[in-house]
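K.L.:
Next input, structure requested:
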Amino acid sequence: MRPARTLSIVDLHKSFVQERGHVPVLSGISVEVQPGELVCILGASGCGKSTLLRVVAGLETPDAGAVSLGGVPLQGPGLDRGLVFQEPRLFPWLDVAQNVAFGLSGRAEAEPAPARDARVAEHLRLVGLSGFERAYPHQLSGGMAQRVALARALVNRPALLLLDEPFGALDALTRAEMQDELLRLRAAERFTALLVTHDIEEAAYLADRVIVMSPRPARVAAIYERSLAHPRDRNGAACAGARAEIASLLARAGAPRDV
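P.N.:
Next up is the predicted model:
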């Protein structure tokens, strides 16, 4: 079980410099993710969701504000956070096991090879890829490649899993399968997660809470609190009601309903 650590984002501001001057992207974002929660950041494409996630990951530096995990300020990337992008971003010259083991590279000197190999095998079993250890990325389907990316992000047993539209590039059937897989992994591993999406259905099905963002510069426009128990029926009345309420909040925030 991962350590219980709260993610705290306080009054975060971020802008980018372009030829015509500063372009504000995030404006006074404050969000808290409790241990064990799966929180979705929902907003229209281009509103600044991925920038927020990159700040939490340590890949971008905010102009102002604070980000901490378990009370410890976050400055730069760290093994306490696992990151999954929309594309799997696997190394084509490494096989599946080697790609997952790359996630342990920061601990390579501290962990003996047998323990490292056992950890990789454990996480490949967790994502249902036992038997594919020696396959290469070009031999995998899109869903399988994304399972490898999930295993690589989880192999360090991070305190926080960050997901940047991780299923957006998949076809509808595979996307639904991977959403179910994420819920299964969460039940098994009890991790805390912050997931960026512009898909209302995905947010309604996966999240404990949905943070609705305004158009750029992004602000927290509304928070949809969840109370549905697991397992959830994506086609049931409860999820349908959640989708309608979230769509209404998004529309009031100034974003189109079909984001």
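K.L.:
And the strand or helix carrying Ala118, what does it pack against?
P.N.:
Assigned by DSSP states H and E, Ala118 belongs to helix 113-126. On a contact count with 3 or more CB pairs under 8 Å, 6 or more residues apart in numbering; DSSP states H and E, helix 113-126 meets helix 96-102, helix 142-154, helix 172-189. C-beta here means a position set from N, CA and C on the backbone, and glycine is covered the same way.
K.L.:
Can I get those helices in CSV including mean neighbour count?
P.N.:
Compiled in CSV, these are given as follows (neighbours: other CB atoms under 10 Å):
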stretch, mean neighbour count
helix 96-102, 21
helix 142-154, 23
helix 172-189, 16
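K.L.:
Please name whichever of the ones you listed is nearest to Pro166.
P.N.:
Pro166 sits nearest to helix 142-154 of all the helices and strands packed on helix 113-126, at 6.4 Å, using CB to CB.
K.L.:
returning to that earlier point: in a markdown table, list the helices and strands packed on helix 113-126 along with mean pLDDT and distance to Ile29.
P.N.:
Formatted as a markdown table, these follow (pLDDT from 0 to 100; distance: least, CB to CB, whole Å):
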| stretch | mean pLDDT | distance to Ile29 |
| --- | --- | --- |
| helix 96-102 | 94 | 31 |
| helix 142-154 | 95 | 23 |
| helix 172-189 | 92 | 24 |
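K.L.:
out of those helices, nearest to Glu37?
P.N.:
Glu37 lies closest to helix 172-189 among those, at 9.9 Å (CB to CB).
K.L.:
can you map out the strands along the stretch 151-259 of the chain?
P.N.:
Remark: strands assigned in the stretch 151-259 of the chain by DSSP state E, counting those that start in this stretch are 160-164, 192-197, 209-213, 220-225.
K.L.:
rewinding a little: and the angle from the helix holding Ala118 to helix 172-189?
P.N.:
Relative orientation of helix 113-126 versus helix 172-189 (axes from the mean of the first three to the mean of the last three CA atoms, to 10 degrees): 130 degrees.
K.L.:
Return the distance of helix 113-126 from the chain's centre.
P.N.:
A distance of 22 Å separates the centroid of the chain from that of helix 113-126, by CA atoms, centre = their mean, to the nearest Å.
K.L.:
Return the set of buried residues in that helix.
P.N.:
Within helix 113-126, the residues that count as buried by 16 or more other CB atoms under 10 Å are 116, 119-120, 123-124, 126.
K.L.:
between the strands of the stretch 151-259 of the chain, which gets nearest to Val96?
P.N.:
Val96 lies closest to strand 160-164 among those, at 19.5 Å (CB to CB).
K.L.:
Quick check: can you name the pairing partners of the closest one and their directions?
P.N.:
strand 81-84 (parallel), strand 192-197 (parallel) (DSSP bridges).
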